[in-house]
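Visitor: Based on what follows, work out the 3D shape:
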Amino acid sequence: MFVIDLGGGAELRPLEPWQAPEFLAHMDRARESVDPWIPWAGLSTDLASATATLQRYADLAARDAGRLYGIWLDGTLVGGTMFVRFDAGTGGCEVGCWLEPAGTGRGLITRAVTRLLDWALTERGLWRAAWRCRPDNATSVAVARRLGFTLEGVLRGEFPYRGVRHDTQLWAITAPEWTARAS
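Guide: Numbers count the residues shown, from 1 in each chain. The predicted structure follows:
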């Protein structure tokens, strides 16, 4: 297994089905703050559903179509980041993230997503990475800006949550933009 040191006692590691009990405990702590933004947070409510969430990403990883990584802070799972979609054939991916309150304010998401984008846009040679979030998710919007993403548009009413349809912002960055940002 690999571990990427994010500094300050934080690590980025694969999040896999065998870790479902730890993931479920984390989701129980994070659900209130994560559920409005990440639709599967509310779907992982017992061990079977938490395992199914992690298995779905394990299956995506096996097909090189997505991946899921946890962020541990001082040994406790506090959040994660993922390739919601990964398509080497078309050269595109979509990244996403979540964090429970115990991990906020430390730059963990920015550092973790930077590692994913370095790998996807530099090592794997993908052309474009997308980021989707609700416009009222100020934290996610700030991360997209901090990472150099450009707001490309708004998908009106795309995201249903508790009977209300919400807009989704579509942000993106291309490999040349990512490389220029790093230098």
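Visitor: Only C-alpha atoms from now on, for both contacts and neighbour counts.
Guide: Will do.
Visitor: hang on, G80 is in a strand, isn't it?
Guide: Yes: with DSSP: H, G, I helix; E, B strand; the rest coil as the criterion, G80 is part of a strand.
Visitor: pLDDT at it, what is it?
Guide: Per-residue confidence (pLDDT) for G80: 96.
Visitor: if I look at it, how far off is R181?
Guide: Separation of G80 from R181 (CA to CA, to the nearest Å) stands at 23 Å.
Visitor: So for those two, which sits in the more crowded spot?
Guide: Comparing G80 with R181 by other CA atoms under 10 Å, the one with more neighbours is G80, at 23 against 10.
Visitor: Tell me the spatial nearest neighbour of the more buried one, not counting adjacent residues.
Guide: Of all residues not flanking G80 in the chain, G70 sits nearest, at 4.1 Å (CA to CA, 6 or more residues apart in numbering).
Visitor: Give me the contact list for stretch 82-99.
Guide: Applying CA atoms under 8 Å, 6 or more residues apart in numbering, the external contacts of stretch 82-99 come out as 30, 34, 38, 64-69, 78-81, 109, 113, 120, 124-132.
Visitor: Restrict that stretch to CA atoms and write it as PDB.
Guide: C-alpha atoms of stretch 82-99 as PDB (Å, rounded to 0.1, in the frame of the first residue of the first chain):
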ATOM      1  CA  MET A  82     -11.500  11.000  -5.700                       C
ATOM      2  CA  PHE A  83     -11.600  10.800  -9.500                       C
ATOM      3  CA  VAL A  84     -15.400  10.700  -9.900                       C
ATOM      4  CA  ARG A  85     -14.600  10.000 -13.600                       C
ATOM      5  CA  PHE A  86     -11.300   9.100 -15.200                       C
ATOM      6  CA  ASP A  87     -11.100   8.500 -18.900                       C
ATOM      7  CA  ALA A  88      -7.600   8.100 -20.400                       C
ATOM      8  CA  GLY A  89      -9.100   7.500 -23.800                       C
ATOM      9  CA  THR A  90     -10.600  10.900 -24.100                       C
ATOM     10  CA  GLY A  91      -8.000  12.500 -21.800                       C
ATOM     11  CA  GLY A  92     -10.500  13.800 -19.200                       C
ATOM     12  CA  CYS A  93     -11.300  13.300 -15.600                       C
ATOM     13  CA  GLU A  94     -13.400  14.900 -12.800                       C
ATOM     14  CA  VAL A  95     -12.100  15.300  -9.300                       C
ATOM     15  CA  GLY A  96     -14.100  15.600  -6.100                       C
ATOM     16  CA  CYS A  97     -13.500  15.900  -2.400                       C
ATOM     17  CA  TRP A  98     -15.100  16.000   1.000                       C
ATOM     18  CA  LEU A  99     -13.900  16.700   4.600                       C
END
